[in-house]
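1. With the sequence up front, the predicted model follows.
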Amino acid sequence: MFRIVRVETLAPGIRRLQIEAPRIARKQKPGQFVIVRVYEEGERIPLTIEKSDPQRGTIDIVVQSVGKTTHLLNRLETGDAILDVVGPLGQPSEIEKFGTVVTIGGGVGTAMAYPTAAALKQAGNFVICIVGARDRERVILEREMRSVSDELMITTDDGSYGSKGLVTKRLQEIIERGTHIDRVLAVGPILMMKAVADLTRARGIPTIVSLNPIMLDGTGMCGGCRVLVDGKSQFACVDGPEFDAHGVDFDTLLRRNAMYREAEKKSMDQCYQEMESHGR
Amino acid sequence: MADRAECPPASLPLRERMKIPRQHMPEQPAIERAANFSEVNLGYSEELALQEALRCLDCRKPLCMQNCPVGVKVQEFVDLIVAGDFLGAAAKIREDNVLPAITGRVCPQEDHCEGSCVLAKKGESLGIGYLERFVADYEQRMGVFHVPAVPPTGKKVAVVGSGPSGLTVAGDLIQRGHQVRVLEALHELGGVLAYGIPEFRLPRNIIKQQIDYLRATGIEFETNVIVGKTVTIDELMQEEGYDAVFIGTGAGAPLFMNIPGEQLNGVYSANEFLTRINLMKAYKFPEYDQPIVDIRGKDVAVIGGGNTALDAIRTALRLGARKAYVLYRRSEAEMPARAEEIRHARQEGIDFRLLTNPTEFLSNGEGWLSGVRCVRMQLGEPDASGRRRPVPINGSEFDLPLSVAVISVGTSANPVIQSTTPGLATDKRGYIQADPITQRTSCKGVFAGGDIVTGSATVILAMGAGRRAAKSIHEYLTTGEW
């Protein structure tokens, strides 16, 4: 059992859970993730590690309520426990002095972009961060991102905070104003990462994306998280989750991630019903 | 209830014994079992076990024991059955095999003890596996077990992986007084026994009982630890104070076929398909949360001819598949699956399409599998494996409509430990190099065995490696010599 020691709401439906996981805390590097199973009948799902504290033996994960498991996770409170947490999984982000790096976090993807942005900053890069969200309420980790960036841009779909528009619009502005970009890291919804890849491909800017396919064991044993990169099958859990954006087949990823949509909906509906019947 | 059951006289003359036919294993009727996950084989009654045990000729040079990878004293335990001492028989097996209820079910005895039984020369071999299962289950039912009291040595051993090789190493070393901790990557113990082998061949409560037995002997277990990620081998030895480490992580990574359409929804590796069902219980969705594609009324094929392939397709049948095919590129004679499994699968209605090789998975236009294009094969000259090489017949392509395809064409080495353990030698395919007798690797104090050394094999061969490793770890810990 992995005890939750702190809970914080970052935005509607997005929370940060601090969990006691000493082994993982000692080993975690930016770009890595964990797989959790909340209770005995639960599924295994991958979640971002935002940061860790090796001394205290804790990791911080950021959870957005999307399906049944994330909804249930986001109902847990300090003192509750998660049945299984395993990690850190995946290859850490490549950190070196590239020069000028733009890190883009879309929605909850910001939590995955943050530790890498911090490490890139520490490695001596000029770091420009773009944080995108649907609206003002849903902008997360603004303070954290500001602390590790030389320039921070916030953009919302409805213009309620920062500028209005998608993250690609801001990236386009950076390119057009003549800033030389050595590398882009984009983490967020698949369509956002695809749009970023399309934009930078034409200009030959090396671009990395962190992919979030459906996973099961996370150790390379099942192959369920396979993604097509440069026409070759790669396992996101062990070969990734970061890949060269220009080689990724995003359409296949989108499709594969929709594989259990009906089942997920059924799970969710049933979960709501149970919550309601218990609540009354 | 007395240990000694009513039984025919043990002194039955040899001639009389030789007249007893091999006792059939009672089975759940094919038509019923094809729709449930309960065990196919139901186990011997005491009467059947006694009858079967009487068939043993007590050879002067018993080859059965010699050909057992863990060296079970077959003749001695069978004699104890004849004497009606079933618990004594179980204890006798446990001297060499810490998982008797499991090997009694899934070991390919025809390749080992039963394959070398002298009775097999003129008729049917002694049902050694069935007898082993009988006494192991009897022992479980009685709830008896004994832990040999041994003085602690003060030495600590970490075992990586809780599959058949790891459990064997742990079980053998605890009996020699060492402190043993087993580290498992998944949330459940048992390795391939838990995620790979279906309920209808190996019920989960059997695995649990066998592991509980080991736990009661003092072995510690820790789940959710991926050695190589959560902690490295070097850290285990240098920071956590382990005197030796055994790596038994299994073969790991599934092979795909590299043919078009493998990314389509509805195409699974056997590992993923079986893990969703066996480990995550997706067949109980939505009671359990992990989903699997709804197979009811759909056509499903598995590609491959091994035990895993048959496990997968028989599972699909139980999930309600309308048609369930095995597509295998060679003929039945070359199929690596056990004869008993092939027979069971046929009885249940699995459609074997032999000498058939998929060349492309077909899409319904919306990203879902709609069928598989196959080519018919014929057998040519023997290849490196000694089996006749399948050669495509030109112009024989045909399409088979399908909703789900499960690829079961083998595995490759999972590199997680190798890539994080400096100095650990691997072969050119990435498997860990270990001495075939001592199971020592190139790193001092580190031993390895099972599929991560040999590539995918069987439960009993992994257990054999575990036994050799335990012996050799004990020697190393006692003498300090490497």
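-> Structure received. Numbering: from 1, shown residues only, chains lettered A, B, ... in the order given.
2. So what's the residue count around residue 202?
-> Picking chain A for this. 8 (other Cβ atoms under 10 Å in any protein chain shown). For every residue, glycine as well, the C-beta is placed using N, CA and C.
3. actually it's chain B I care about, not the one you picked
-> Per other Cβ under 10 Å, the neighbour tally for residue B:202 reads 22.
4. do the same with residue B:226
-> For residue B:226, using other Cβ under 10 Å, the count is 27.
5. Leaving out the residues flanking it, which one is nearest to it?
-> Closest residue in space to residue B:226, ignoring its immediate chain neighbours: residue B:185 at 4.4 Å, by Cβ to Cβ, 6 or more residues apart in numbering or on different chains.
6. hey, where'd the strands end up in the stretch 101-250 of chain A?
-> A:126-133, A:151-156, A:163-164, A:183-187, A:207-210, A:226-229, A:232-235, A:242-244 (DSSP state E, counting those that start in this stretch).
7. mind putting those strands in JSON lines, distance to chain B included?
-> Listed next are those as JSON lines, based on distance: least, Cβ to the nearest Cβ, whole Å:
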{"stretch": "strand A:126-133", "distance to chain B": "27"}
{"stretch": "strand A:151-156", "distance to chain B": "31"}
{"stretch": "strand A:163-164", "distance to chain B": "33"}
{"stretch": "strand A:183-187", "distance to chain B": "21"}
{"stretch": "strand A:207-210", "distance to chain B": "17"}
{"stretch": "strand A:226-229", "distance to chain B": "6"}
{"stretch": "strand A:232-235", "distance to chain B": "6"}
{"stretch": "strand A:242-244", "distance to chain B": "15"}
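8. In TSV: these, plus mean neighbour count and mean pLDDT.
-> Conversion of those to TSV gives the following (neighbours: other Cβ atoms under 10 Å in any protein chain shown; pLDDT from 0 to 100):
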stretch	mean neighbour count	mean pLDDT
strand A:126-133	27	97
strand A:151-156	19	97
strand A:163-164	12	94
strand A:183-187	27	98
strand A:207-210	26	98
strand A:226-229	22	96
strand A:232-235	16	94
strand A:242-244	19	98
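9. could those strands go into JSON lines alongside distance to residue B:314?
-> Shown next, in JSON lines, are the strands of the stretch 101-250 of chain A (distance: least, Cβ to Cβ, whole Å):
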{"stretch": "strand A:126-133", "distance to residue B:314": "49"}
{"stretch": "strand A:151-156", "distance to residue B:314": "53"}
{"stretch": "strand A:163-164", "distance to residue B:314": "57"}
{"stretch": "strand A:183-187", "distance to residue B:314": "42"}
{"stretch": "strand A:207-210", "distance to residue B:314": "38"}
{"stretch": "strand A:226-229", "distance to residue B:314": "25"}
{"stretch": "strand A:232-235", "distance to residue B:314": "27"}
{"stretch": "strand A:242-244", "distance to residue B:314": "36"}
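10. so residue A:88 touches residue A:24, yeah?
-> Yes - using Cβ atoms under 8 Å, residue A:88 is in contact with residue A:24, at 5.5 Å.
11. ranges for the strands of the stretch 151-300 of chain B?
-> Secondary structure of the stretch 151-300 of chain B by DSSP E, counting those that start in this stretch: the strands cover B:156-160, B:179-183, B:220-222, B:244-247, B:252-254, B:267-269, B:299-303.
12. ok, residue B:89 - contacts?
-> The neighbourhood of residue B:89, defined by Cβ atoms under 8 Å, 6 or more residues apart in numbering or on different chains, consists of B:77, B:78, B:80, B:81, B:135.
13. Tell me the predicted confidence for the spatially closest residue to residue B:458 that is not a sequence neighbour.
-> Leaving aside its chain neighbours, residue B:458 sits nearest to residue B:108 (5.9 Å; criterion: Cβ to Cβ, 6+ apart). With respect to pLDDT, residue B:108 scores 92.
14. Report how many residues lie close to residue 26.
-> Just going to use chain A. As a burial measure, residue A:26 scores 18 neighbours (other Cβ under 10 Å).
15. That was the other one, I meant chain B.
-> Neighbour number of residue B:26 under other Cβ under 10 Å is 12.
16. Could you do residue B:201 as well?
-> Neighbours around residue B:201, by other Cβ under 10 Å: 19.
17. Tell me how far it lies from chain A.
-> For residue B:201, the distance to chain A (Cβ to the nearest Cβ, to the nearest Å) stands at 20 Å.
18. shaky segments in chain A?
-> A:278-280 (pLDDT under 70).
19. Residue A:155 is in contact with residue A:131, correct?
-> Yes - between residue A:131 and residue A:155 there is a contact under Cβ under 8 Å: 7.4 Å.
20. Give the intersection of the neighbour lists for the two.
-> By Cβ under 8 Å, 6+ apart, the residues touching both residue A:131 and residue A:155 are residue A:162.
21. Would the top helix by length along chain A count as contacting chain B?
-> The longest helix of chain A (DSSP state H) is helix A:261-279. Yes - using Cβ under 8 Å from any Cβ of the partner chain, helix A:261-279 reaches chain B at A:262, A:263, A:264, A:266, A:267, A:270.
22. More neighbours: residue A:88 and residue A:24, which one.
-> More neighbours surround residue A:24 than the other of residue A:88 and residue A:24, with 29 against 23 (other Cβ under 10 Å).
23. Could you check how far the more buried one is from chain B?
-> 6 Å.
24. That residue - nearest residue in space that isn't next to it in sequence?
-> Nearest non-adjacent residue to residue A:24 (Cβ to Cβ, 6+ apart): residue A:87, at 4.9 Å.
25. Verify the stated contact: that neighbour with residue A:47.
-> No - shown here, residue A:87 and residue A:47 do not form a contact pair, counting by Cβ under 8 Å, at 9.0 Å.
26. can you tell me which residues contact the residue in the stretch 101-250 of chain A positioned nearest to chain B?
-> As assessed by Cβ to the nearest Cβ, chain B sits closest to residue A:222 within the stretch 101-250 of chain A, at 3.8 Å. Contacts for residue A:222 (Cβ under 8 Å, 6+ apart) come out as A:216, B:254, B:269, B:271, B:272, B:275.
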